[in-house]
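Peer 1: Fold the following and give me the result.
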Amino acid sequence: MLIISKNGKNAKKVETSVIEQENYLQQYIYDNPESIPIYDIKEDIKICILGREVTTNSGPIDAFGIDQNGSIYIIETKLYKNPDKRLVVAQVLDYGASLWKNSSVSFESLISLFDTDAIKKFNLPLVQRIKEFFQLGNSEEVQQLLDDMKNNLNHGNFKFIVLMDKLHSRLKDLILFINENSEFDIYAVELEYYKYEEYEILIPKLFGTEVKKEVNLRGMAGERKKWNENDFFTDINSKLDQKYVTAIKTLFDFSKKEANSISWGTGSSRGSFNPKFDKISVRSPYSVYTDGTLALNFGWLNDSENTKKIKLRYGELLSNVNDLSIPKNFAEIYVQIPIERWSFHVDEIIEILKQLI
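Peer 2: The predicted model follows:
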C-alpha cells in the first residue's frame, strides 16, 4: 500500500494494482530499462534493451539487453497468474543454451535485427543508439563494446533475469540455490505495481544477489579498462606465437610512425590499438586486437566524400591480397581477419596503406 498526498494534504491510499498482460511488462522494460535494478549489483551498471521477442530454436526471448561492458542479459517476463511460472528458470536457461549452440543465430544476424529495431523505434542506427545510451566518447568504444558482446555470445557468457509482477518463495529459493552452486548469474526482479489517476508507480526489487558476491567480483572483472602500449604487448606476448607477435609489432611500428594519432581500446578481455590517418579519415581504418584479429573498419569510413572514395580503393587493393577474403559488400561492414590469415601479408598491407596516405 502507498500513501500519496500533495503538499502534505489530501492523502490517498493506493492499493497494489494488477498487470493484466505479459506484453505490457515486456514493453515497459523496453521503454524503461532503468526499471530493471541491475544497479543494485553495481552502482554504475545499466541495461540497454536492444530487442524484444528475439527468435531462438527454443522460442522467442522476451527481451535481450546489454550493459556498457558488453555483458548480455536474457530477460524472461512472467505474470504470477501464469501457470507456467514454475518453469521460468528452465525456460530462460534454455534460451541461453540455444543462443550458445545454435550457429544460425549469428552475431551478425542479431546486430542486423537490432539495427532495424533501433532505426524503427529511435530513428537511430544501432551504433549511434548505443553510443548515446551509454554516453560513449567515440565510435571505437562502441565497436569495442560490440566486440565484447560478440565474445560473450560465442562463449555463452550470459546473465539471466526473470521478471515478474510477484515472485513466489519457491522461485526465490531456486534462484538462490542455483547461484550458490553454479557460475550462473541469474536474478529475479519483482515489479510491485500501483496505478493512481494517470500515473503508474513501479517498485522494483532484485533477488539473487545475496550469494553472488564473489562470483560477481569475477564477473565484474569483465569491466572495461583503458589499454596502453605496454599492456597490449604484454598480453599478446603471453598468448600468441612469436611469429604473430612480430607481425603485429611490424604493423604497430608502421602505425606509430605514420599515423596522426593512435587510440587504445577499452575492452574487458581484448585490448586494441586504433590508428588514425588524417589523409584517410577522422576514424581509424583498422584496429588490431590482442587476440591477433585485424579489423578493417570500412563500415564507419563515411565522414566525407573523399573518405568514401578512399574506402573503396582501400577495399579493392586489399581484395587482391591472398587469404584476406574481402567480401564484395565490404564498404558497409567491418571485416575481421584472424592473425593466421593476415600475419604473412603484413608487408603487403602496409604498402597498401602507404598508397592511401
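Peer 1: Next, the buried residues of the helix or strand where Pro204 lies.
Peer 2: Using DSSP states H and E, Pro204 maps to strand 199-207. By 16 or more other Cβ atoms under 10 Å, the buried positions in strand 199-207 come out as Leu202, Pro204, Leu206, Phe207. No exception for glycine: its C-beta is placed from N, CA and C like everyone else's.
Peer 1: How about stretch 331-346?
Peer 2: Tyr334, Val335, Ile337, Ile339, Arg341, Trp342, Ser343, His345, Val346.
Peer 1: Throw the residues you listed into JSON lines and include secondary structure, thanks.
Peer 2: Below are these laid out as JSON lines (DSSP: H, G, I helix; E, B strand; the rest coil):
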{"residue": "Tyr334", "secondary structure": "coil"}
{"residue": "Val335", "secondary structure": "strand"}
{"residue": "Ile337", "secondary structure": "strand"}
{"residue": "Ile339", "secondary structure": "helix"}
{"residue": "Arg341", "secondary structure": "helix"}
{"residue": "Trp342", "secondary structure": "helix"}
{"residue": "Ser343", "secondary structure": "helix"}
{"residue": "His345", "secondary structure": "helix"}
{"residue": "Val346", "secondary structure": "helix"}
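Peer 1: quick one: which of those residues is nearest Phe122?
Peer 2: Nearest to Phe122 out of those is Tyr334 (Cβ to Cβ; 21.4 Å).
Peer 1: how near is the closest one to Glu108?
Peer 2: 10 Å (Cβ to Cβ, to the nearest Å).
Peer 1: picking that back up, by pLDDT, give me the weakest of the buried residues of stretch 331-346.
Peer 2: Lowest pLDDT within those is found at Tyr334 (78).
Peer 1: isn't that one right up against Leu301?
Peer 2: No - at 10.2 Å, Tyr334 does not count as touching Leu301 under the criterion of Cβ atoms under 8 Å.
Peer 1: list the helices and strands the helix or strand encompassing Leu110 packs on?
Peer 2: Secondary-structure assignment from DSSP H and E places Leu110 in helix 107-122. Using 3 or more Cβ pairs under 8 Å, 6 or more residues apart in numbering; DSSP states H and E, the elements in contact with helix 107-122 are strand 48-54, helix 126-133, helix 139-155.
Peer 1: Run through the residues that contact Lys279.
Peer 2: The contact partners of Lys279, by Cβ atoms under 8 Å, 6 or more residues apart in numbering, come to Leu356, Ile357.
Peer 1: next one: the one 10 residues further on
Peer 2: With contact taken as Cβ under 8 Å, 6+ apart, Tyr289 is in contact with Asp147, Gly265, Gly267, Arg270, Gly271, Ser272, Ala295.
Peer 1: Quick one, grab the pLDDT at the third one.
Peer 2: What that stands for is Gly267. At Gly267, the pLDDT value in this model is 73.
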